[in-house]
Every structure is written in structure tokens, then in C-alpha cells.
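Engineer: For reference, the sequence and a predicted model appear below.
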Amino acid sequence: MATGDIVLGPNQYGKAENRLVRITRDTDRHEIEDLNVTSQLRGDFVACHVEGDNSQVVATDTQKNTVYAFAQQHGIGSPEQFLLTLGEHFVTSFDWVCGGRWEAELYAWERIAVDGRPHDHSFVRTGREVRTTVVQKDGDQTWVLAGFKDATVLKSTGSEFHGFPRDRYTTLRETTDRILATSVTAWWRYTSTDVDWNARYEAIKAVLLETFASVHSLALQQTIFAMGRAVLEQFDDVAEIRLSCPNKHHFLVDLEPFGLDNPNEVFFAADRPYGLIQATVQREGAPQAPQAWATVPGFC
Ligand SMILES: O=c1[nH]c(=O)c2[nH]c(=O)[nH]c2[nH]1
């Protein structure tokens with residue numbers, strides 16, 4: 001028979017996916033900031049869970065309102081700074097709130113070109129990556145993860161895959177010229193909170209994409225390691241980076257039945273199944289931060 005009291009374990013709560021658009025309109029040239037923000041608090045919430053005593057429950061509705069109010073009061077500027085400001089507010093305003101988790105996705109917009117000129121107040125959603133951030137605090141510690149997802153990239157040559165073991169189930173042909181395509185999800189961990197967040201984000205993204213483009217690939221594994229290594233080589237305050245990349249297979253279509261040659265020109269872009277290549281690139285001997293990663297699912 002089981003023994004011992006039944007008690008509340010780790011818990012957090014808040015308002016998820018607050019869609020927030022902020023227009024800055026100090027001049028005729030408006031700016032748009034478009035985010036999806038999740039706020040969750042951690043602390044002493046035993047009384048609520050065990051007895052339904054809400055005296056310490058900062059309502060999820062209040063958390064939502066704070067997100068919108070802070071956007072107006074403090075502006076956004078960068079999702080990292082916005083989340084740090086939010087987190088600091090909650091942990092300093094309520095004695096029993098000792099930490100929490102704040103997450104944001106940022107959707108990029110471009111100005112619509114009218115007569116070849118970028119319009120002052122009309123935008124189109126950039127069909128590129130979604131920027132992602134998770135800030136976590138626990139007592140004196142603060143962790144900032146940043147990254148992006150859905151950055152779709154493709155190389156139409158400069159990619160090979162051969163030399164792999166063959167057994168009775170292997171049918172894949174070796175190739176010295178294939179399409180390499182993926183949708184990059186990247187997360188990196190900063191060792192500082194004193195970072196020029198937007199500039200650094202753009203610089204890291206550029207290094208990742210430039211490396212994808214310039215590495216002659218012998219495997220997607222080799223490419224993503226090179227991408228991560230390039231970031232760690234260039235940015236001292238990035239401790240580690242995790243990359244998750246579906247191998248979006250492009251199969252050469254057999255056009256022979258129609259009497260046609262197909263010299264790497266016509267491909268079937270399969271959506272599934274796909275290879276899924278994931279790797280962490282880290283500094284040997286550097287301190288690990290498992291708490292920073294514990295709530296970011298989908299990585300090894
Ligand atoms: O870059 C690749 N890595 C693999 O591990 C793999 N496996 C596979 O079938 N194709 C590929 N391509």
C-alpha cells in the first residue's frame with residue numbers, strides 16, 4: 001500500500017498566448033510590433049490548489065491586462081527586454097511570487113511597397129521566421145533563451161549524402177548532388193541580460209543562414225553543427241545553441257516513362273515523413289543550465 005501525504009508538486013499558471021500588436025505613431029511613419037505573449041507565475045500557491053483559497057492568486061486576467069498595459073507604458077523594443085520587465089514586475093509586486101516563465105513569439109512585418117517606396121503605415125507579414133524568447137527567473141537567477149522557428153531555407157546544389165551503412169533494409173541511393181532544404185528551429189542561451197537584443201538577434205540569425213548557404217554539405221548533421229559552431233565562435237555571451245531541422249526531402253521525379261531526361265531539375269517535395277536532425281552545440285567544460293531548457297520541449 002502507498003504511504004505518505006499527497007502534496008502539490010511543481011506548478012505554474014498564467015495567461016497563454018496574449019496576442020499583442022503595438023503601433024508606434026509618434027510620426028506619420030508608424031511602426032508595428034506584433035507578439036504572442038505567455039505569462040506564468042511560480043511561487044506559493046498551495047492554498048489555492050489544496051483549499052480553493054484564492055487570496056494569493058494573481059488572476060490570469062490580471063496577468064493578461066499587465067501584458068497589454070506594459071506594452072503601452074514601457075513599449076516593447078525587444079521581446080527579451082519586454083519579458084524581463086514583466087518578470088521583474090511580478091516577482092517584486094507580490095511577496096509570494098518567487099519566479100515564473102514568460103514567453104513571446106514575435107511576428108515580423110514589412111512595409112508594403114507603393115510606387116517602389118515603402119509605405120508609412122501599410123505592412124505585410126514577412127513570410128519568414130517567427131522569433132521566439134523564453135525568460136525564466138528563480139530567486140537571483142535569470143535565464144534568457146532566444147531563437148526562431150520556421151525559417152525555411154533551401155540549397156539547390158552543394159549538398160551530398162553518401163558513405164552511410166547499407167543493410168538489407170537500405171534502398172537510399174548515394175548522391176553527390178541533391179537538394180538540401182529545411183525549416184530551421186534554433187534556440188540559444190545568453191549568459192548575460194545586458195545585450196543589445198534586437199541587433200544581436202539579427203546578427204546571430206545572419207550567421208546561421210550565411211553558414212547554411214556557404215557550407216558544402218555532406219550531411220544535414222554536418223551543416224547544423226557548422227551553423228551552431230559559427231555562432232559560438234562569434235558571440236562570447238552565447239553559451240550554447242540548439243538546432244532542430246527537418247530534412248525536407250526533395251525526390252527527383254522519374255520522367256523516363258515520358259521519354260524525358262531529368263538532370264536534377266524536377267523534384268517531388270515530400271512533406272512527410274521527414275528526417276529530423278537535432279543537435280546542441282556547446283562549449284566544452286562550460287557550466288550547464290538544465291533549468292533554462294527544462295520547459296523548452298522537443299529537443300534532446
Ligand atoms: O543529411 C542527411 N542525414 C541523414 O542522417 C540522412 N538519412 C537519410 O536517409 N538522408 C539523410 N540526409
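Structural biologist: Cool, got the structure.

Engineer: Could I have the CA atoms of stretch 56-71 written out in PDB?
Structural biologist: Written as PDB, here are the backbone C-alpha positions of stretch 56-71 (Å, rounded to 0.1, in the frame of the first residue of the first chain):
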ATOM      1  CA  GLN A  56      -2.700  34.700  -3.300                       C
ATOM      2  CA  VAL A  57      -3.800  34.000  -6.900                       C
ATOM      3  CA  VAL A  58      -2.900  36.900  -9.200                       C
ATOM      4  CA  ALA A  59      -5.600  36.200 -11.700                       C
ATOM      5  CA  THR A  60      -4.700  35.200 -15.200                       C
ATOM      6  CA  ASP A  61      -6.900  38.000 -16.300                       C
ATOM      7  CA  THR A  62      -4.700  40.400 -14.300                       C
ATOM      8  CA  GLN A  63      -1.600  38.900 -15.900                       C
ATOM      9  CA  LYS A  64      -3.100  39.500 -19.400                       C
ATOM     10  CA  ASN A  65      -4.000  43.100 -18.500                       C
ATOM     11  CA  THR A  66      -0.500  43.700 -17.300                       C
ATOM     12  CA  VAL A  67       0.900  42.500 -20.600                       C
ATOM     13  CA  TYR A  68      -1.200  45.000 -22.500                       C
ATOM     14  CA  ALA A  69      -0.600  47.800 -20.100                       C
ATOM     15  CA  PHE A  70       3.100  47.300 -20.100                       C
ATOM     16  CA  ALA A  71       3.200  47.400 -23.800                       C
END
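
Engineer: Identify the residues contacting it?
Structural biologist: 13-15, 18, 20, 22, 33, 37, 39, 41, 43-45, 47-48, 82, 85-86, 89-90, 94, 96-97 (C-beta atoms under 8 Å, 6 or more residues apart in numbering). C-betas here are computed from N, CA, C, even on glycine.

Engineer: Buried residues in it, which are they?
Structural biologist: Gln56, Val57, Val58, Thr60, Gln63, Lys64, Thr66, Val67, Phe70, Ala71 (16 or more other C-beta atoms under 10 Å).

Engineer: Between those residues, which sits nearest the ligand?
Structural biologist: Of all the buried residues of stretch 56-71, the ligand sits closest to Val67, with 40.9 Å by C-beta to the nearest ligand atom.

Engineer: secondary structure element for the closest one?
Structural biologist: helix 60-74 (DSSP states H and E).

Engineer: ok, then the element right after that helix?
Structural biologist: helix 79-93.

Engineer: hey, what's the nearest residue to Trp187 once chain neighbours are set aside bridged with?
Structural biologist: Nearest residue to Trp187, sequence neighbours excluded (C-beta to C-beta, 6 or more residues apart in numbering): Gly147, at 3.8 Å. Beta-bridge partners for Gly147, by DSSP bridges, are Thr132, Trp187.

Engineer: need the contact list for Gly147.
Structural biologist: Arg131, Thr132, Thr133, Thr185, Ala186, Trp187, Trp188, Arg242.

Engineer: Mind doing that once more with 7 Å?
Structural biologist: Thr132, Ala186, Trp187, Trp188 (C-beta atoms under 7 Å, 6 or more residues apart in numbering).

Engineer: for those residues, which one is nearest the ligand?
Structural biologist: Using C-beta to the nearest ligand atom, these come closest to the ligand at Ala186, 17.5 Å.

Engineer: was I right about Lys15 contacting Gln40?
Structural biologist: No - using C-beta atoms under 7 Å, Lys15 is not in contact with Gln40, being 8.3 Å away.

Engineer: Only C-alpha atoms, please: export stretch 170-179 in CSV.
Structural biologist: Taking C-alpha atoms only, stretch 170-179 is exported to CSV below (Å, rounded to 0.1, in the frame of the first residue of the first chain):
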residue,chain,number,x,y,z
THR,A,170,18.6,0.1,-47.2
THR,A,171,17.3,1.4,-50.5
LEU,A,172,18.5,5.0,-50.5
ARG,A,173,20.9,5.8,-53.3
GLU,A,174,24.1,7.6,-52.6
THR,A,175,24.2,11.1,-54.1
THR,A,176,26.8,13.8,-54.7
ASP,A,177,24.3,16.4,-55.7
ARG,A,178,20.9,16.8,-54.0
ILE,A,179,18.6,19.5,-52.8
